[in-house]
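> Output the structure for:
(chains A and B)
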Number of protein chains: 2
Amino acid sequence: MADFRMGEPTAMAMALRAASARGIPFGPNPRVGCTIIDAAGKIVAVGRHRGAGTPHAEVDALTEAGDRAHGGTAVVTLEPCTHTGRTGPCTEALLAAGVRRVVIGMPDPNPVAAGGARLLEEAGVDVVVLGEDDVTFGPQLALLNRGWTHGLVHGRPYVVWKTATTLDGRVAAADLTSRWITGDAARAEVHALRARIDTMLVGTGTALTDDPALTARDTDDELLPGQPLRVVMGRRPLPATARLLTDGAAETLTLTTRDPHEALATLFERGQREVLLEGGPTLAAAFLAAGLIDEVIAYVAPVLLGAGPHLLGDLGIGTLGDARRLSLQSVTRLEHDVRLVLRPYRRLPYLPDGREWFPANSLSDLDPELGSV
Amino acid sequence: MADFRMGEPTAMAMALRAASARGIPFGPNPRVGCTIIDAAGKIVAVGRHRGAGTPHAEVDALTEAGDRAHGGTAVVTLEPCTHTGRTGPCTEALLAAGVRRVVIGMPDPNPVAAGGARLLEEAGVDVVVLGEDDVTFGPQLALLNRGWTHGLVHGRPYVVWKTATTLDGRVAAADLTSRWITGDAARAEVHALRARIDTMLVGTGTALTDDPALTARDTDDELLPGQPLRVVMGRRPLPATARLLTDGAAETLTLTTRDPHEALATLFERGQREVLLEGGPTLAAAFLAAGLIDEVIAYVAPVLLGAGPHLLGDLGIGTLGDARRLSLQSVTRLEHDVRLVLRPYRRLPYLPDGREWFPANSLSDLDPELGSV
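Here you go, the predicted model:
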């Protein structure tokens, strides 16, 4: 258990909420929130980072708090930085404001910026670091900057493949109608998911077949604030009338490549950190074959079609022993549909007879092995 | 709540256990168990019906109890019969033995045999009938003779379609290897399921491709007692070396028809009441198209193949509005796999846009509408 003092859990919850508010951009900078508690234990300011070139969350909060920060506590979702980028280091600002205690959500995984906690401690500040194992805040803290952290470690965006299929693995009927295979609850979830990432990716095949809008909407069908970038990849040209190019609902980027590595490199360079793959069977197969899928969110509807396009194109798998086996993270009923969350196994050889592929009895034992397919 | 007296729930549990013991045959007669409690409240006998031509459960128990039944209670899973078939009516036997009270699990749905409860009451016996809504015993009582009851009402066996697929809806890899898509827990369940029905049905296609044994085995791979009948239907001849014909593990019946109605009529005539459909995509499509599937037990493995045979052959469905939509009864995680239990909707028109197919917000509201696909 973290060594919280009165008011600090509330302050961390407020900092998390400030950091993850809609409209706070994803991208090459982390999303950070900071709450200032004065010496008397009263919350006096909440700050957030609003994107590249704007003040960091600590500075934003300290500016609001003014003198009231003196002798107080800063509760911040990410370890304060030590480097001077487009803004000055936050550790200096915290020390200058006379803060006596700093509660940190996640340590900074960026080697250029890390070391803030140690530096503050050396200056006599009382420092607590929660980390992703914190019972209360760990999961939200880890999710807050998942794409940014993944980018620092792997040098490419985090890729979530979203699927919606019938029980017999079809993504549409024979005439390509696919609205709606899943029910209201699953569709609402997909829109919420879109609002939580910064990039939606489809292939030109899907763009030509479905003419999708690829927007994040609320249950009243209104556009949510902070629409993700829409990306179409492939070599087939889209008609000038395509909704993705004409509806103006969000920015659309066209990538004339079929290579998933190349597409992700371009997106990463552009600052994109979390990609929701919503493409068709060909694009999904290309990403799977390239080992570039980090998570699968699969909606399965209690529907049988017996015909129609498949979820997944040819992976070159000829026999069951070579099948791609995923780790089932959770199973949830959503009204009449089922949601499976899956993650790939990493580094795990699949035995030829397909029988002994479980490396452990407990799923939690598997987690260190999780990686990309 | 049923008006139980001391010892009667225990007696009903024992009667249920006696009725559903392995080796008690399914078929044209119901499975029945009966426990006798003497006048002092002590359980003195447990009887069961062992198949056509043998004594009914009540007579079996009364024989064991002898004089001790006088002034006592009979706890029986099914309403005692009033007709003289190959054995005399059980109501008479109960009255002759001087039983003062009878606790009945399910009323008899068979019009020829029903009326036992009323006849006993008219003779001055204290009668309690639980029915399938009984909180404690209802579900087990309903399951005990599901096939027999279904047969009385619909004149054909109850058909359960068991499926095991990858997340992308494949039942085997491109080279037709399919052992094992699902894990140990799902496989163990399928064997337990086979031991709970009286007939397993595959098409000649599956018999030729997989050369299955179609046996119910325990976790040590030993044959369980009371193997179900194995049935192969279709027009393609099996080789004399097929395991189904040579391994002697259980009886195998060959039906040279492709018509599901004809196959079920033959099986019903022969006394079969619960069919587990384990066939391939062609057979499944034929049964679905004929509206002859009463329940689907679908095992989904967290596996991707991208190629290989599908779960389901062509149903002639061209557009999503015509899709077969099922009611999701339950979703359960089984180690690394997922089990979905589904039932078809009956009498429900599917709207062309596929949006308004839910007849109610609550699943429990749907139950009266459940029937066969």
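
> what are the ranges of the strands in the stretch 151-300 of chain A?
A:158-166, A:199-203, A:229-233, A:252-255, A:274-277, A:295-301 (DSSP state E, counting those that start in this stretch).

> Quick one: list the elements packing against the fourth one.
The contact analysis (3 or more C-beta pairs under 8 Å, 6 or more residues apart in numbering or on different chains; DSSP states H and E) places strand A:252-255 against strand A:229-233, helix A:260-269. No exception for glycine: its C-beta is placed from N, CA and C like everyone else's.

> One more pass at 6 Å, please.
When contacts are defined as 3 or more C-beta pairs under 6 Å, 6 or more residues apart in numbering or on different chains; DSSP states H and E, strand A:252-255 sits against strand A:229-233.

> so the strand it packs on versus strand A:199-203, what angle?
20 degrees (axes from the mean of the first three to the mean of the last three C-alpha atoms, to 10 degrees).

> Any chance of CSV for the strands of the stretch 151-300 of chain A, columns mean pLDDT and distance to residue A:285?
Formatted as CSV, these follow (pLDDT from 0 to 100; distance: least, C-beta to C-beta, whole Å):
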stretch, mean pLDDT, distance to residue A:285
strand A:158-166, 96, 11
strand A:199-203, 96, 10
strand A:229-233, 96, 14
strand A:252-255, 96, 17
strand A:274-277, 96, 11
strand A:295-301, 96, 13
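
> can you list those strands in TSV and add mean neighbour count?
What follows is those, written out as TSV (neighbours: other C-beta atoms under 10 Å in any protein chain shown):
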stretch	mean neighbour count
strand A:158-166	23
strand A:199-203	27
strand A:229-233	25
strand A:252-255	18
strand A:274-277	26
strand A:295-301	23
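
> wait, which of those strands is closest to residue B:203?
Each of those was scored for nearness to residue B:203 using C-beta to C-beta, and the closest is strand A:158-166 (21.9 Å).

> For the closest one, C-alpha coordinates in PDB please.
Below are the C-alpha coordinates for strand A:158-166, written out as PDB (Å, rounded to 0.1, in the frame of the first residue of the first chain):
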ATOM      1  CA  TYR A 158       0.600   0.500 -29.500                       C
ATOM      2  CA  VAL A 159      -1.800  -1.400 -31.800                       C
ATOM      3  CA  VAL A 160      -5.200  -2.600 -30.800                       C
ATOM      4  CA  TRP A 161      -7.100  -4.700 -33.200                       C
ATOM      5  CA  LYS A 162     -10.800  -4.400 -32.800                       C
ATOM      6  CA  THR A 163     -13.000  -7.100 -34.400                       C
ATOM      7  CA  ALA A 164     -16.700  -7.700 -34.600                       C
ATOM      8  CA  THR A 165     -17.800 -11.100 -35.900                       C
ATOM      9  CA  THR A 166     -20.600 -13.600 -36.000                       C
END
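
> returning to that earlier point: quick one: the strands of the stretch 151-300 of chain A as TSV, columns for distance to residue A:320 too.
TSV is the format used below for the strands of the stretch 151-300 of chain A (distance: least, C-beta to C-beta, whole Å):
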stretch	distance to residue A:320
strand A:158-166	20
strand A:199-203	28
strand A:229-233	31
strand A:252-255	34
strand A:274-277	25
strand A:295-301	19
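
> where does chain A come near chain B, residue by residue?
A:167-169, A:173-175, A:177, A:285, A:298, A:302-307, A:311-312, A:314-315, A:317-320, A:323-326, A:328, A:331, A:333, A:336, A:338, A:342 (C-beta under 6 Å from any C-beta of the partner chain).

> Which ones among those map onto strands?
Residues of those located in strands (DSSP state E): A:298, A:303, A:304, A:324, A:325, A:326, A:328, A:331, A:333, A:338, A:342.

> State the distance from the closest residue to residue A:196 other than its chain neighbours to chain B.
Nearest residue to residue A:196, sequence neighbours excluded (C-beta to C-beta, 6 or more residues apart in numbering or on different chains): residue A:274, at 7.7 Å. Here the criterion is C-beta to the nearest C-beta, to the nearest Å. By it, residue A:274 lies 22 Å from chain B.

> residues contacting residue A:274?
For residue A:274, the contacting residues are A:147, A:157, A:158, A:197, A:198, by C-beta atoms under 6 Å, 6 or more residues apart in numbering or on different chains.

> out of these, who's nearest residue B:187?
Nearest member of the contacts of residue A:274 to residue B:187, counting by C-beta to C-beta, is residue A:158, at 34.7 Å.

> burial count for the closest residue to the closest one other than its chain neighbours?
Leaving aside its sequence neighbours, residue A:158 sits nearest to residue A:150 (C-beta to C-beta, 6+ apart; 4.0 Å). Residue A:150 has 19 neighbours, counted by other C-beta atoms under 10 Å in any protein chain shown.

> Work out for me the element residue A:150 sits within.
Following DSSP states H and E, one finds residue A:150 within helix A:146-154.

> CA atoms of that helix as PDB?
What follows is helix A:146-154, C-alpha atoms only, in PDB (Å, rounded to 0.1, in the frame of the first residue of the first chain):
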ATOM      1  CA  ARG A 146       0.000   3.400 -22.600                       C
ATOM      2  CA  GLY A 147       0.800   4.500 -26.100                       C
ATOM      3  CA  TRP A 148       3.400   7.000 -25.000                       C
ATOM      4  CA  THR A 149       5.200   4.400 -22.800                       C
ATOM      5  CA  HIS A 150       5.000   1.800 -25.500                       C
ATOM      6  CA  GLY A 151       6.500   4.200 -27.900                       C
ATOM      7  CA  LEU A 152       9.500   4.900 -25.700                       C
ATOM      8  CA  VAL A 153      10.200   1.200 -25.200                       C
ATOM      9  CA  HIS A 154       9.400  -0.100 -28.700                       C
END
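
> Okay, angle between that helix and strand A:295-301 too, please.
Using the same axes, to 10 degrees: helix A:146-154 against strand A:295-301 is 140 degrees.

> Can you give me the buried ones in helix A:146-154?
Residues of helix A:146-154 classed as buried by neighbour count (16 or more other C-beta atoms under 10 Å in any protein chain shown): A:146, A:147, A:148, A:149, A:150, A:151, A:152.

> quick one: contacts of it?
Residues outside helix A:146-154 that contact it (C-beta under 6 Å, 6+ apart): A:26, A:30, A:109, A:110, A:157, A:158, A:273, A:274.

> for the fourth one, helix, strand, or coil?
Going back to what we said before, that points to residue A:110. coil (DSSP: H, G, I helix; E, B strand; the rest coil).

> Spatially, and excluding backbone neighbours, which residue is closest to it.
According to C-beta to C-beta, 6+ apart, the nearest residue to residue A:110 is residue A:152 (5.4 Å).

> what's near enough to touch residue A:329?
So residue A:329 contacts A:341, A:343 (C-beta under 6 Å, 6+ apart).

> And it, how far from residue A:18?
Per C-beta to C-beta, to the nearest Å, residue A:329 is found 28 Å from residue A:18.

> Look at residue A:68 and say how many residues are nearby.
Residue A:68 has 18 nearby residues by other C-beta under 10 Å.
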